[in-house]
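**Student:** Kindly generate the corresponding structure for this input.
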Amino acid sequence: MSGPVKAAPRINKEDDVPTVADLFCGAGGLSLGFSNAGFSSVFAIDNDKCACETYARNLGTHVVNAPIENLRVRRESAGLLWTVSELESRTPHVDVLVGGPPCQGFSSLNRRASAQGDPRNSLWTEYYRILSEISPRVFLIENVPQLLRSGEYAKLRRRAIKLGYDVASGVLNAQHFGVPQKRLRAFVIGVRDSIASLPQPADLKHVTVRAAFRGLSLRPNNRNLHVGRNPTPLSLKRYSCVPPGGNRFDLPAKLLPPCWQKKKHGSTDVFGRMWYDRPAPTIRTEFIKPEKGRYLHPKADRPITLREGARLQSFPDDFIFHGSYTQIAKQIGNAVPVVLAEALAKHVMQYYFFDRAA
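**Tutor:** Reported below is the predicted structural model:
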C-alpha cells in the first residue's frame with residue numbers, strides 16, 4: 001500500500017451498534033467482553049476446533065474453524081465477504097478488529113525460539129493483512145509483554161501508522177481491572193481520526209482468590225467443570241507438605257522427585273500453593289498441573305479445578321466449554337480475562353464510539 005487508507009463508511013445504520021471481528025478468537029474471552037460492553041460480534045476465526053465449538057455455543061455460529069492463512073476478505077457494497085475454501089460469510093462493515101495472535105514465539109518461556117525466528121510469529125503478517133483489507137475504525141491486539149520489544153511489533157506499528165492509524169501500546173495488569181489474577185499482558189490499540197489510548201487502572205480493591213472461589217465446594221463435586229485430577233498417594237503427601245504461599249522447596253527430601261533433588265534452584269512458583277487473600281498468579285494453559293506453577297488450592301490438598309481456573313479468568317459459570325479437560329484448560333489459559341476485555345471494550349466505546357455510549 002502506498003498510503004493511508006480511508007475508513008470505509010458504516011453500513012449498519014439501522015441499529016447503529018458498533019461491530020467487532022475477532023481473529024485468533026479462541027474460546028471467546030475478548031468477544032464476550034466486547035459483547036458485554038455493547039458491541040455486536042459479527043465474525044471470528046480460530047484454528048482450534050474445540051475452541052471454536054466453545055465459541056459457537058456461547059457467542060454465536062459466526063465463528064469459522066480454519067487457519068487464518070486461508071482467510072480472504074473482499075469489500076462489497078453491502079459490507080464484507082469473508083471466504084475460507086468453500087465457506088462464505090457476509091457481514092456488515094467491521095468497526096473494531098481484535099485478536100491475539102499465538103504468543104509462544106514471543107514468550108519468555110520460549111526466548112530461544114523467538115530469537116531464531118519462531119514460525120508462529122509470522123501470523124502477525126496475517127493479522128496485518130486482514131487489518132489492511134477491512135480498514136476498521138479501531139484495532140486491538142493482545143499478547144505477552146515481550147511482544148513490545150520484538151521486531152515484529154516494530155514492523156506492525158510502522159505499517160499501521162502508514163495505513164492511517166494512531167497507535168498506543170502498553171502492558172496492563174489484569175488485577176487492576178477487577179480480575180482475580182495477576183496477569184501482565186501487552187495491548188496495542190490503533191485508531192483512525194483520533195488519538196489512541198489504553199484504559200487506566202480502575203480505583204478498586206483487588207479481587208482475591210477467596211472471592212473468586214466463593215460458593216464452590218472445597219471438594220470438587222464433578223459438576224460444571226468443578227473437577228479435579230486423581231492424584232496418587234505420593235502426590236497427596238507432597239501436596240500436604242506445601243503451606244499457603246509455599247512451593248516445591250517446602251517438600252522434604254524423601255518426597256522430592258529425582259529431577260528436583262538435583263536442581264536446588266529455580267522458579268518459586270513450581271508446585272506452589274495460592275494465597276486465599278491475594279489475586280492468583282497468571283493462569284496458563286496447564287494450570288491443572290501443580291508441577292507447572294503455583295496452582296495448588298489455597299487450602300485443599302489438590303490442584304485447582306477447571307471451574308476455579310475459569311473463575312480466575314473471570315468467565316461466568318454459565319459459560320460452557322467444549323473438549324477434553326486438557327483442551328478446556330488450554331482454552332481457559334489462552335483467553336483474555338473477560339472482565340479485562342470488557343474494560344478495554346468500554347474504553348473503546350467511550351472514546352471512539354461515544355455517541356453510542358451515552
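
**Student:** excluding its backbone neighbours, what's nearest L80?
**Tutor:** T91 (5.2 Å; Cβ to Cβ, 6 or more residues apart in numbering). Bear in mind the C-beta positions are built from the backbone N, C-alpha and C, glycine included.

**Student:** D301: neighbour count?
**Tutor:** 16 (other Cβ atoms under 10 Å).

**Student:** I'd guessed it sits against C241; true?
**Tutor:** No: using Cβ atoms under 8 Å, D301 makes no contact with C241, being 9.2 Å away.

**Student:** How many residues are close by the residue lying closest to V179 once chain neighbours are set aside?
**Tutor:** Of all residues not flanking V179 in the chain, P337 sits nearest, at 4.4 Å (Cβ to Cβ, 6+ apart). Counted with other Cβ under 10 Å, the neighbours of P337 add up to 26.

**Student:** same question, N143
**Tutor:** N143: 24 neighbours (other Cβ under 10 Å).

**Student:** Averaged pLDDT, the helix or strand R311 falls within. What do you get?
**Tutor:** Element membership of R311 [criterion: DSSP states H and E] is helix 306-312. Average pLDDT, helix 306-312: 98.

**Student:** Please point out which parts of that helix sit buried.
**Tutor:** By neighbour count on 16 or more other Cβ atoms under 10 Å, the buried set for helix 306-312 is L306, R307, E308, G309, A310, R311, L312.

**Student:** quick one: that helix to chain centroid distance?
**Tutor:** From the chain centre to the centre of helix 306-312 is a distance of 14 Å (Cα atoms, centre = their mean, to the nearest Å).

**Student:** What of stretch 174-181?
**Tutor:** With Cα atoms, centre = their mean, you get 13 Å for stretch 174-181.

**Student:** What's the mean pLDDT across that stretch?
**Tutor:** Mean predicted confidence for stretch 174-181 is 98.

**Student:** Quote the end-to-end distance of that stretch.
**Tutor:** 6 Å (Cα to Cα, to the nearest Å).

**Student:** List the contacts of the residue nearest to V179.
**Tutor:** Residues in contact with P337 (Cβ atoms under 8 Å, 6 or more residues apart in numbering) are G29, A174, V179, Q181, R183, Q313, S314.

**Student:** coming back round to it: just to check, the residue nearest to L80 is in contact with D22?
**Tutor:** No: contact criterion Cβ under 8 Å: T91 and D22 do not qualify, at 11.9 Å.

**Student:** More neighbours: the two, which one.
**Tutor:** D22 (29 against 21).

**Student:** From V138, how far out is the more buried one?
**Tutor:** Separation of D22 from V138 (Cβ to Cβ, to the nearest Å): 13 Å.

**Student:** And L80, by the same measure?
**Tutor:** With Cβ to Cβ as the criterion, L80 and V138 are 16 Å apart.

**Student:** Nearest residue to L123 in space, ignoring adjacent ones along the chain?
**Tutor:** P101 (4.5 Å).

**Student:** burial measure for that neighbour, as a count.
**Tutor:** 24.

**Student:** doesn't G26 make contact with it?
**Tutor:** No: P101 sits out of contact with G26 when judged by Cβ under 8 Å, with a separation of 11.1 Å.

**Student:** residues making contact with the longest helix along the chain?
**Tutor:** Counting residues, the longest helix found in the chain (DSSP state H) is helix 338-352. Contact with helix 338-352 is made by 18, 29-34, 36-39, 96, 137-138, 140, 172, 174, 177-179, 183, 185, 187, 189, 191, 194, 197-199, 202, 313-316, 356-357, as judged by Cβ under 8 Å, 6+ apart.

**Student:** swap the cut-off to 7 Å and go again
**Tutor:** Helix 338-352 is contacted from outside by 29-30, 32-34, 36-39, 96, 137-138, 140, 174, 177-179, 187, 191, 194, 197, 199, 314-315, 356-357, using Cβ atoms under 7 Å, 6 or more residues apart in numbering.

**Student:** Which positions within it qualify as buried?
**Tutor:** Neighbour-count burial for helix 338-352 [16+ other Cβ under 10 Å]: 338-349, 351-352.

**Student:** Could you export it as PDB, CA atoms only?
**Tutor:** Provided in PDB are the C-alpha atoms of helix 338-352 (Å, rounded to 0.1, in the frame of the first residue of the first chain):
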ATOM      1  CA  VAL A 338     -13.500 -11.500  30.300                       C
ATOM      2  CA  VAL A 339     -13.600  -8.600  32.800                       C
ATOM      3  CA  LEU A 340     -10.400  -7.100  31.400                       C
ATOM      4  CA  ALA A 341     -11.700  -7.500  27.900                       C
ATOM      5  CA  GLU A 342     -14.900  -5.700  29.000                       C
ATOM      6  CA  ALA A 343     -12.800  -2.800  30.500                       C
ATOM      7  CA  LEU A 344     -11.000  -2.500  27.200                       C
ATOM      8  CA  ALA A 345     -14.200  -2.600  25.200                       C
ATOM      9  CA  LYS A 346     -15.800   0.100  27.400                       C
ATOM     10  CA  HIS A 347     -12.800   2.300  26.900                       C
ATOM     11  CA  VAL A 348     -13.100   1.800  23.100                       C
ATOM     12  CA  MET A 349     -16.800   2.500  23.200                       C
ATOM     13  CA  GLN A 350     -16.500   5.600  25.300                       C
ATOM     14  CA  TYR A 351     -13.600   7.300  23.400                       C
ATOM     15  CA  TYR A 352     -14.200   6.200  19.900                       C
END
